[in-house]
Structures are given as structure tokens and as C-alpha cells.
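**Q** coords please:
(one chain, ligands or ions: 1)
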Amino acid sequence: MTVLVTGGAGYIGSHTVIELLNDNQEVIVVDNFSNSKPEVLNRIQMITGKQLIFYEKNIEDRMAMDKIFKQHAIDIVIHFAGYKAVGESVTQPLKYYHNNLSGTIVLLEVMQENQVKNIIFSSSATVYGETNRVPFKETMTTGEASNPYGYTKLVLEKILQDLSQSDPDWSVTLLRYFNPLGAHESGLIGEDPQGIPNNLMPYLTQVAIGKRPKLLVFGKDYPTHDGTGVRDYIHVVELAQGHQKAIKHNLEHQGVAIFNLGTGHGYSVLDIIKTFEKANQVTIPYEIIDRRPGDIAIAYADPSKANEELDWEAFKDLYTMCQDSWHWQKKNPDGF
Ligand code: UFG
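**A** Sure, this is the predicted structure:
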């Protein structure tokens, strides 16, 4: 089978490509390195010993995308490409709406023209918004987000649902990711944020390695067991494996299927700090400051639908995730 992966050089994309290559799928990656590095492709080949086909293109480049679809017999697309920094989306909304929406629309038009109507889309737990109660279930009402990045995910989910309504030949899988942590066990690939990290773990590992003086903990007055925010942290390799299972499901079904990819367990920011310290024998200096605007108190998944219908489950514990994140950071202090 031939799988086109947009954004395949990114954090979740690269881990997914490894799983696909190990499963002997033919993989075509399209990435413009807007938030990733070419070295990741060498690392993928080192880990798997397999070749992939790569195009350095923007998915908004209609002619280039059309050519790729004409050159290869693509069975399914996994669409990761998109901007993802929540804070930046607030200060530069047009950049986010333009890139994430236009890029996806061009991709879908090219797919339609070339009769490729199977797509797996990277959505996010952010679509559950601020009013739904945990655990989040796929049947809950969505329609509110707290930032433009979140709205791009909501709108793209809607576009894909409308497309499926208009033409029953489409098979659409919406994967709602919770918070990925960890890295490939080789330590050769992992999360490599450009500039100041937005997310907890890459910031924490940069503190651990001495690049930043201390971790800032956003808020100590949430209604949680220790007052800090609670999230559903999932090992990136298991998240990647969810995509393999989703391919099988997508090809066997038509219409839209939505799945949470999470563990179903919530951990606080202080839980993460303590587990990281214990797992890696390092001390993390931190300071508690005000809440970060837009953050919710608690987010975790009800993953039972994915467990049952995809035959997929995430088992790796926080301890392992912390070890794997640190292994990657120590081996690659400056990223790729
Ligand atoms: N946090 C800190 N300090 C930091 C960074 C984060 O205390 O320096 C806290 C946050 O307040 C939150 C938790 O750590 O309680 C996790 O924050 P992240 O930024 O790592 O993750 P978020 O849950 O805020 O965001 C993630 C994804 C988004 C997605 C969102 C909602 O990064 O893409 O989940 O599902 F939109």
C-alpha cells in the first residue's frame, strides 16, 4: 500500500512514518520543513533501514501536489502538515487560518481530482473546548475553541465532514490527539521545537539540559489534585501506532469516523516534574506563576472507542515517556 504523509518530517509525522516503513508500506512524505529539519529523514532511514520517497513541497502548491498524485498510485493520505503553536496563532491568526485551511483545501481538491478519497486527519483534543466535562468522548458537542489554532482544527473537521456528506466515496478519519510525549527508543528522533518551546515537555527537557534556567508552571489554583493543570499524556510511538490501525479502519469503512487517541489518564504538571526527576535522576528548578490564558484545568480522553474499534490501546507509562524524552534530548542537545 502507498501512503502519502504530509508533514512527515514533524514530531508525530516522523514517528508515524517509522511505523509505516516497519510495516512494509510504501511511504511518500511531503514536507516543506517550515517547522522541521531535513536530517529527520536520514534518521528515519537509519532506524528502519528502509527508503522513503520525499518531496520538499508546500501542500498549497497545487501543481506539485497534482504531479505527485499522478506519479504514484496513492491509496491513502495521512495529513499532519499544519502550524501548531497556540500562542503564535493568537498573535498571527491570518497566518494560521491561511496556512492550515488553504493548504488542506488544496490537498483535498487534488485528492478529489485524482480519485483518492481516503484521508486520516490530525485533529486535536482542543476541539472539546472549555465547557465539556472529562473524560472527553467523541460524541460530545464541539464548536468552541480558545484560540485560532483550535478553530483551524474545528473548521477542518467540519470541512471533511461536509465533503463526506457530499460524496459517500470519501472515507475520513479524524484523530483527536491528546498530549504526545517521549521519543523513539533509539533516541534518534524526537520533538525538536524551533525557538522557545510552547509545550511542557520540550521546555522541561531544555531546563534539564541547562539551556533554560527554570520551568514556569502556569497556575496553582486549578481544581485538580495539586492545583496544576491536568492532561492526558501519551507516548508518541503509541500515538503513531494508532495511525496504522486507523489506516486499516479507514480502508474498510466509508463516511466519517472520529477517534480520541489518549490513554484515559490525567497527570498534573507537578506529577510530570516529579516523575521526570525520578525517572532520570535530575532536578528540575521551577517557579509557579499565573495561569496561561486559554488553558483549561483538566483534559483527558475516553479512549474506549479507539480501543474497541481500532483494536488500539496506549500502555506506556509516564515514567517511560519521561525517560524517552530525556534520552532524545541528551543525545541531541541542539535538536536535529
Ligand atoms: N505548562 C506549564 N509550563 C509550560 C508549558 C506548559 O506549566 O512551560 C502546562 C500547561 O499550563 C498545561 C500543561 O503544562 O497545564 C500542558 O501544556 P502544553 O502546552 O504542553 O499542552 P496543552 O495541553 O496546552 O496543548 C496541547 C497541544 C495543543 C492542543 C492542546 C489542547 O499542544 O496542540 O493540547 O488539546 F491544542
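**Q** which residues does the helix or strand containing residue 279 contact?
**A** If you go by DSSP states H and E, residue 279 is part of helix 269-280. Residues from elsewhere that reach helix 269-280 (CB atoms under 8 Å, 6 or more residues apart in numbering): 200-201, 204, 208, 215, 217-218, 226, 228-229, 233, 267, 282-284, 286, 318-320, 322-323, 325-326. Using the backbone N, CA and C atoms, a C-beta is placed for each residue, glycine as well.
**Q** so is that helix next to the ligand?
**A** Yes - Helix 269-280 comes into contact with the ligand (CB under 6 Å from any ligand atom), by way of residue 269.
**Q** which residues in the stretch 101-250 of the chain form strands?
**A** Using DSSP state E, counting those that start in this stretch, the strands of the stretch 101-250 of the chain run over 118-124, 171-177, 179-181, 215-218, 230-231, 233-235.
**Q** so how far is the last one from its chain's centroid?
**A** Here the centre of mass of C-alpha atoms in strand 233-235, compared against the chain's by CA atoms, centre = their mean, to the nearest Å, lies 11 Å away.
**Q** ok, now the second one?
**A** Between the mean C-alpha point of strand 171-177 and the mean C-alpha point of its chain there is a distance of 12 Å (CA atoms, centre = their mean).
**Q** what do you get for the fourth one?
**A** In terms of CA atoms, centre = their mean, the centre of strand 215-218 is found 22 Å from the chain centre.
**Q** coming back round to it: mark which of the contacts of helix 269-280 are buried, thanks.
**A** Among the contacts of helix 269-280, the ones that count as buried by 16 or more other CB atoms under 10 Å are 200-201, 204, 208, 215, 217-218, 228-229, 233, 267, 282, 284, 318, 320, 322-323, 325-326.
**Q** can you give me the pLDDT of residue 130?
**A** Here, the pLDDT recorded for residue 130 equals 89.
**Q** next: residue 65.
**A** pLDDT, read off for residue 65, is 98.
**Q** once you drop chain neighbours, what's closest to it?
**A** Nearest non-adjacent residue to residue 65, counting by CB to CB, 6 or more residues apart in numbering: residue 110, 4.5 Å away.
**Q** ok, residue 290 next?
**A** In space, residue 290 is closest to residue 219, 6.6 Å off (CB to CB, 6+ apart).
**Q** over to residue 286?
**A** residue 215 (4.1 Å).
**Q** next one: residue 6
**A** residue 81 (3.9 Å).
**Q** could you measure from the single nearest residue of the stretch 201-336 of the chain relative to the ligand over to residue 75?
**A** Here the residue of the stretch 201-336 of the chain nearest the ligand is residue 229; by CB to the nearest ligand atom that distance is 2.4 Å. Distance, residue 229 to residue 75, by CB to CB, to the nearest Å: 40 Å.
**Q** what does the stretch 151-300 of the chain have sitting close to the ligand?
**A** Checking the stretch 151-300 of the chain against the ligand by CB under 6 Å from any ligand atom, the hits are 179, 198-200, 203, 216-218, 229, 231, 269, 292, 295, 299.
**Q** circling back to that earlier point, what's near enough to touch the residue nearest to residue 65?
**A** 62, 65, 66, 69.
**Q** closest to residue 32 among those residues?
**A** residue 65 (11.7 Å; CB to CB).
**Q** for the residue of the stretch 201-336 of the chain closest to the ligand, give me its contacts.
**A** Applying CB under 8 Å, 6+ apart, the residues near residue 229 are 218, 219, 222, 268, 269, 295, 296, 297, 298.
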